[in-house]
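Participant: predicted model and sequence below, questions to follow.
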Amino acid sequence: MSRIVVMEEDTLMRELLVEWLSAEGHAVRRNNATTPAPPGQADLVLVDVYMPRHGGHERLREVARQYPGVPVIAISGQFQSGVAGAGAVAHELGVRQVIAKPFSRAELLAAVRSVAGPP
């Protein structure tokens, strides 16, 4: 079972991500801007990088500090559809894949499987 941390400020989107990932058998923990990072280890962090009041690179640096060595999937409405990789700086900060919003359940689960493997 993969342990996934979801960092998304939008409550509806965060709960949808948790529902989709939990239904696949992943152990999921939530986090938002007002909640400190949950304790414990993670196999993957799913993070919205263009959240209000946070620069994308600042958010990724924070995630890298909280979860050193843990791969990251970055999601954002600012990304272009069809972009699957991450730039060099993002890769150095742990980003293994990017997903453009809006995305489907199948797209999310395929990205999670490609980075963290099956649940």
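Facilitator: Good, I have the coordinates. Residues are numbered from 1 along each chain as shown.
Participant: if I pick Met7, what's in contact with it?
Facilitator: By CB atoms under 8 Å, 6 or more residues apart in numbering, the residues touching Met7 are Asn31, Asn32, Val45, Leu46, Val47, Asp48, Arg59, Val63. Backbone N, C-alpha and C define where each C-beta goes, glycine included.
Participant: tell me the pLDDT of it.
Facilitator: Per-residue confidence (pLDDT) for Met7: 90.
Participant: could we number from 23 for the rest of this?
Facilitator: Shifting the count to begin at 23 puts that one at Met29.
Participant: could I get the contacts of Met29 as TSV with distance to Ser24, secondary structure and neighbour count?
Facilitator: TSV is the format used below for the contacts of Met29 (distance: CB to CB, whole Å; DSSP: H, G, I helix; E, B strand; the rest coil; neighbours: other CB atoms under 10 Å):
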residue	distance to Ser24	secondary structure	neighbour count
Asn53	16	strand	20
Asn54	21	coil	15
Val67	11	strand	27
Leu68	11	strand	28
Val69	15	strand	24
Asp70	19	strand	24
Arg81	22	helix	22
Val85	17	helix	25
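Participant: which one of those residues is nearest to Glu41?
Facilitator: Using CB to CB, Leu68 is the member of those that sits closest to Glu41, with 13.0 Å.
Participant: list the beta-bridge partners for that closest one.
Facilitator: Taking DSSP bridges, one finds Val28, Ile95 as the beta-bridge partners of Leu68.
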